[in-house]
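Student: Structure for this input, please:
(3 chains)
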Amino acid sequence: MTRVTLTRLTKSYGPAIAPAVDAISLDIPSGEFVSLLGPSGCGKTTTLKMLAGFEDLTSGTIAFDGQDVGHVPAEKRDIGMVFQNYALFPHMTVRGNLAFGLEMRKVPKAEMARRIDATLDLVQLTALADRYPRQLSGGQQQRVAIGRALVIEPRILLLDEPLANLDAKLREEMRVFIRDLQRRVGITTIYVTHDQAEAMTMSDRVVVMFRGHIAQAGPPAEIYQRPASRSVAGFVGQVNLVEGRVAAPGTLAESRFGTTALAAPRAPGAPVTLALRPEAIDLLPADAAQGLPARVIAGFDSGAIVDYRLAFDDGSEIEVKAINRGLHVPGTALRLAVDPARLWPLEED
Amino acid sequence: MAAAAADRRRAVLLILPAALLLVVFLAVPYLNILAISFRNPGQGTPYAPGWTLANYGRFLTSDLYQGQMLNTLWIGLVTTFATLVIGLPVAFQLARADLRLRGLCYGIVLSPLLVGIVIRSYGWTILLGNNGVINRGLIGAGLIERPLPLMYNSLGIIIALTHVFLPFMILPIMSAVQSIDPALSAAARSLGAGRVTVIRRVLLPLAMPGIQAGCILVFVLSLSSYVTPALIGGLRVKTMAVTVVDALLDTFQWPLGAALALILSAVGALIVVIFARLTRLKWKG
Amino acid sequence: MARQVLNLYSLVIYAFLMAPIVVVIGASLNAGAFLTFPPQGLSLRWYAAFLHNEVFLRAIGTSLWIAAVATLVAGTIGTMAAVYYVQFAGRRKEQLRVALLSPLLLPEVLTAISLLFFVYAVGIGTTTMFGLLVGHVLICLPFVFMNVTSSLEGYDPDWTMAARSLGAGRWTRFRRVMLPLIKPGVFSGCLFAFVISFDVFTISFMLKSIGSSTLPIQLFDYLKSNYTPEAAAVASCSIFVTVAVVVVSEKVLGLRIHRF
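Tutor: So this is what the prediction gives:
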C-alpha cells in the first residue's frame, strides 16, 4: 500500500491570477481514506488532477512512498480513477471495461480472467458482466467504474465526486458500499466532494479547502466539533455564531450561554466568536428553572427533525435543531439550555 | 518535461497536414492568381512579363462582360430566393416529421447530392428541351401550340439551379429547426399567440442561422456553378463562370480569366457581406 | 389541417427533387435511338453499348480510383484536424473552423483556376494527376472535418482520461477508445468525401491531365455532341454505383458502428 505525500504543491495558471492550488502540504498514510472537501473552485479537483497526472504541477512535489512521481505521465503513474460521470467506455461490455487496464499491463489471459471475476464479485456485478454500460442503472455504472479502477490493483484510488449524479437514496447506499469496499481492499483513497455529509460519513480524515488553501484537516468529528475558522464552521453543517468576550486571565471565553475554555490564551476583554451547533441546544418549557428565555419565530418540520428559528428579547436570533416531539407553533415562549462545553471559540479568519 | 504541455505541443502535429494542405494548395494559389490577374497577356505563353491593370480595365469597358456579370448575379439571387421560398416549408416538415418517415424524406432530399451535378443537369435538359417532357406534355394536353422556350435561356438555368441547390437550402434550415425546442411553440400558443404569430415571432427568428447559412451557400454555389449553365444555357446564355472557364481553357487568356474570376468572387463576397450585415449574422457554426 | 397542407406541399417538392433522376433512369431504358421520355419501348441495349465503350469504362475506373485516394487522404488529415479542433484549439477555434471549411466557402471555380495556375507555376502542370488529386482532397476535406467534428461533440474527454489512468498510451487511446467511438462520424465523413469526389466537376474539368477524365467530365464531353440514350445509361450506372457505395457501406459497416 502507498503513502502519499504532497509538499508545497502549487498549480498556477498565470502570474495575474491567484494560484488554483497554493502550496498545500498533506501527508496521507497508507490505507487512509481522505476527503478533499470544499466549494467549487477551491482547488480540490485541480489537486486530484495533479495527483492523477492529468494536470502539470507548477511547483512542489507529489511522492508515493517517498518516491517523487510529480512528473510521471498519468498512464505510467499506476493510479485508479473514478470519474464524476463514470467515463465508462460505451463500446465495451462491463467485462471489456474491466479488461482494458489489464490489457495495457499485458496481464496473461488466465490471470486476467481470474482478476476480473474476483473484481466483478467484489463490486457485485458478476451477473451483468456482458452488458453494455447503457444497459445499466446509474448505481451499477458507478460500481463498474469502481471495479475498473480497482482491478488493476493501483497504488492509490482517486474518486472525483462519484456520487454527484445519483439520486438521494442511492447516494446513501453507495456511500456505505464504497467505504466498506475501501476498508476491505485497504487502498489509500482520495475522495473529492463538495458534499459535507458525504465527506463526514466516509472519511478517516477530511481536508477542507478554500481558495487553494487547506483550511483545516482532521477527523470528521474534529472538523465538526472544533472547526478552525468561521468559514469551516459555516461550510461543514449549520452553525450559530455567538458573540462573546475573553475573560480574565485570558484563558476563558464568556457568552450569554456560559463560559468555556480557550485553546490558547488571548488578550482579556477582546471579542471572540463562539460556534454553537443548532442541535447542541436543548429546548425547555418556559417555566423551567434554567435556560435563556426565547420565542419561536418559525419552525420547519422535516418529519423526524424540526428546524426552529427563535428570537431573544434583544431581537437577536438563533437556530435550533430539535427531535420532533410535538411542534412548537410560532409565538411559543421557551427556554434554551446549552452545555458550555459545546461552545467552541473560533480563530478569527 | 511537463506532460500536459508536451501533449499540447505534440497535438500540433494533428493539425499540421491539414494546415499545410490549405496553405500550400489553397492560400498560395489564391495569392498567385491575384498576381497573375495583373500580368500582361502572353502570346503563346499563359502570360507575359510586366504588370498591368488592363485586364480589369477590359471588364470595366466591356458591355458584354458587364452584362454577363449582371445576368450571373441575377440568376444567383433569383435561385437563392426560389430555393428559400420552396425549401423553407420542406425544411420545417422534415424537421418535425415522425422518425420513420424522416429517414425516407431525408434520403430523398439528399439523393440529388448523391447523383451528381452533370447527371442532374442532364436530366433537366431532357425535361426542358423543345422536344422535352414538359413541352410535349403541354402540347399533348392542348395547352400550348409551340414549345415554350425553357432551355438556352436564364429561366431554364434558374429552374435547374433551383433544383440542383435545393438540398443545400433545406438541410441547414432543417438542422436549425430541429434544434428548436418544440415546447417553445407550445409555450407561445399558451401565451395566446396564433399559428402565424408563432411562425413569425418564434420559429423564423430561431431558424434564422440556418436560413442565413442556406442562402449564402446557395448564392455562392450558384455564382460559381459551371455545368448547369453550360448544359442548359448552351452557347446562347453564358454566365460569368462559363466565360471565365472558356477564356482559360479555350483561348488561354490567363490574366484576363484570373481578373474576371476575381471580380466575380469579389462581387459575390460583397453581396454576401451585405446580406450578412443586413441579417446580423454572426460567424458561428 | 395545416399539417396536411404542409405534408402535401412537401410531397410535391420531393417529387420535384426526384424528377430528373427518374427521367434519366427512364430514358436509359429506351429501345429507340433517340433520347425520349417516357421511353419508346424498354430495352437494355444502351447499357450494353455503354459496357462496350472503353472510354466510359476507363472514366468510371478513373473516378473510382481518384475518389478512393482522395477519401483516404482527406479522411485521415480531416479526422486529425477535427480531433485537434475539438480538443486542443484554444482561442483560435473560430478562425480554424473557417479555414478548414474554406474550400467549401470559396467559389469552386476560383479554387480550380488558382490550383491550375499553381501547378503550372511550380512546373508540375497537368501531365500527372497530382493537381487533380490535390483538388479533390481540398474539396473533400471540409466534409470529413464537419462530420468528425460533430461526432466528437458527443465524445466525453473523460474517456481519454480514463484510458490514460488505466495505463493506455497515446496511440492505444486513439485506436482503442476514441476511434471506435467517433467511427460513425469518420465513416459518414468519408462516405460524403467519396460521393463528393465522384461528383466534383469544375476542379476535375480544369485540372484533368491527358487521359484522366473522370466520369462527370467524360459524360459532359459526350453530352456536348451526342444525344443518344447511351448517356442516360452511363448516368444511370453512375447513380447505381453511388447508391451501391452508400447502401453497401451502410449495411456492412453501418450495422457494426450502430451496435452500441
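Student: any chance you could map the strands in the stretch 1-150 of chain B?
Tutor: B:39-41, B:47-51 (DSSP state E, counting those that start in this stretch).
Student: just the stretch 1-150 of chain A next, same as before
Tutor: Taking DSSP E, counting those that start in this stretch as the criterion, the stretch 1-150 of chain A contains strands spanning A:4-11, A:21-28, A:33-37, A:59-64, A:67-68, A:79-82.
Student: In TSV: these, plus mean pLDDT.
Tutor: Listed next are those as TSV, based on pLDDT from 0 to 100:
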stretch	mean pLDDT
strand A:4-11	95
strand A:21-28	94
strand A:33-37	96
strand A:59-64	94
strand A:67-68	94
strand A:79-82	94
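Student: Tabulate those strands (TSV), appending distance to chain B.
Tutor: Just so you know, the C-beta spots here come from the backbone N, C-alpha and C atoms, and that holds for glycine as well. Formatted as TSV, the strands of the stretch 1-150 of chain A follow (distance: least, C-beta to the nearest C-beta, whole Å):
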stretch	distance to chain B
strand A:4-11	11
strand A:21-28	15
strand A:33-37	20
strand A:59-64	12
strand A:67-68	13
strand A:79-82	14
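Student: hang on, the earlier thing: figure out which of the strands of the stretch 1-150 of chain B is closest to chain A.
Tutor: Smallest distance to chain A across the strands of the stretch 1-150 of chain B (C-beta to the nearest C-beta): 49.1 Å, for strand B:47-51.
Student: any residues touching the closest one, and which ones?
Tutor: Contacts to strand B:47-51, defined as C-beta atoms under 8 Å, 6 or more residues apart in numbering or on different chains, come from residues B:36, B:38-42, B:254-255.
Student: Most neighbours out of those residues, which is it?
Tutor: residue B:255 (26 neighbours; other C-beta atoms under 10 Å in any protein chain shown).
Student: ok so, going back, any idea which of the strands of the stretch 1-150 of chain B scores lowest on pLDDT?
Tutor: Per-stretch mean pLDDT for the strands of the stretch 1-150 of chain B is lowest at strand B:47-51 (a mean of 82).
Student: Alongside chain C, which residues does chain A contribute?
Tutor: For chain A, the residues in contact with chain C (C-beta under 8 Å from any C-beta of the partner chain) are A:52-54, A:73-81, A:83-85, A:87-91, A:100-101, A:104-105, A:132, A:134, A:148-149, A:152, A:158.
Student: can you pull out the helices in chain C?
Tutor: Assigned helices in chain C, in chain order: C:2-28, C:45-51, C:54-87, C:93-105, C:108-121, C:130-153, C:157-165, C:170-172, C:179-199, C:202-207, C:215-225, C:229-249, C:255-257 (criterion: DSSP state H).
Student: State the pLDDT value of the residue in the stretch 201-349 of chain A that chain B sits nearest to.
Tutor: Nearest residue of the stretch 201-349 of chain A to chain B (C-beta to the nearest C-beta) works out as residue A:212 at 18.8 Å. Residue A:212 carries a pLDDT score of 92 in this model.
Student: Residue A:178 too?
Tutor: On the pLDDT scale, residue A:178 gets 93.
Student: mind checking which helix or strand the residue with the largest distance to the centre of chain A is in?
Tutor: What lies farthest from the middle of chain A is residue A:287; by C-alpha atoms, centre = their mean that is 41.4 Å. Assignment of secondary structure by DSSP states H and E places residue A:287 within no helix or strand.
Student: any low-confidence regions in the stretch 1-150 of chain A?
Tutor: For the stretch 1-150 of chain A, no stretch has pLDDT under 70.
Student: which one of the strands of the stretch 1-150 of chain B lies closest to residue B:130?
Tutor: Set against residue B:130 and scored by C-beta to C-beta, the strands of the stretch 1-150 of chain B come closest in strand B:39-41, at 39.3 Å.
Student: Could you tell me which strands sit next to that closest one in the sheet, and their orientation?
Tutor: strand B:47-51 (antiparallel) (DSSP bridges).
Student: Could I get the full set of helices for the chain?
Tutor: No chain specified, so I'll use chain A. With helices called from DSSP H, chain A shows them at A:44-52, A:94-104, A:109-122, A:138-151, A:168-185, A:196-202, A:220-225, A:230-235.
Student: right idea, wrong chain: chain B
Tutor: Under the criterion DSSP H, chain B contains helices at B:3-22, B:28-36, B:54-61, B:63-96, B:99-115, B:117-128, B:133-140, B:154-178, B:182-190, B:195-197, B:204-224, B:227-228, B:240-249, B:254-278.
Student: What is the fourth one packed up against?
Tutor: Put plainly, it is helix B:63-96. In terms of contacts (3 or more C-beta pairs under 8 Å, 6 or more residues apart in numbering or on different chains; DSSP states H and E), helix B:63-96 is packed against helix B:54-61, helix B:99-115, helix B:154-178, helix B:204-224, helix B:240-249, helix B:254-278, helix C:2-28.
Student: tell me the contacts of the closest residue to residue A:22 other than its chain neighbours?
Tutor: Closest residue to residue A:22 apart from its sequence neighbours, by C-beta to C-beta, 6 or more residues apart in numbering or on different chains: residue A:212 at 3.8 Å. With contact set as C-beta under 8 Å, 6+ apart, residue A:212 has these partners: A:18-22, A:24, A:42-43.
Student: Would you point out the most distant pair within those residues?
Tutor: Longest span within those, C-beta to C-beta: A:18 and A:24, 13.6 Å.
Student: Looking at those two, which has the bigger crowd around it?
Tutor: Higher neighbour count among residue A:18 and residue A:24: residue A:24, with 22 against 11, using other C-beta under 10 Å.
Student: one step back: just send the helices and strands packed on helix B:63-96 back as CSV, with mean pLDDT and distance to residue B:185 too.
Tutor: As requested, the helices and strands packed on helix B:63-96 are exported to CSV (pLDDT from 0 to 100; distance: least, C-beta to C-beta, whole Å):
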stretch, mean pLDDT, distance to residue B:185
helix B:54-61, 89, 50
helix B:99-115, 77, 18
helix B:154-178, 89, 11
helix B:204-224, 89, 10
helix B:240-249, 86, 41
helix B:254-278, 89, 26
helix C:2-28, 84, 12
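Student: for those, which one ends up most surrounded?
Tutor: Neighbour counts (mean count of other C-beta atoms under 10 Å in any protein chain shown) averaged over each of those peak at helix B:154-178, with a mean of 23.
Student: Cool, thanks, signing off.
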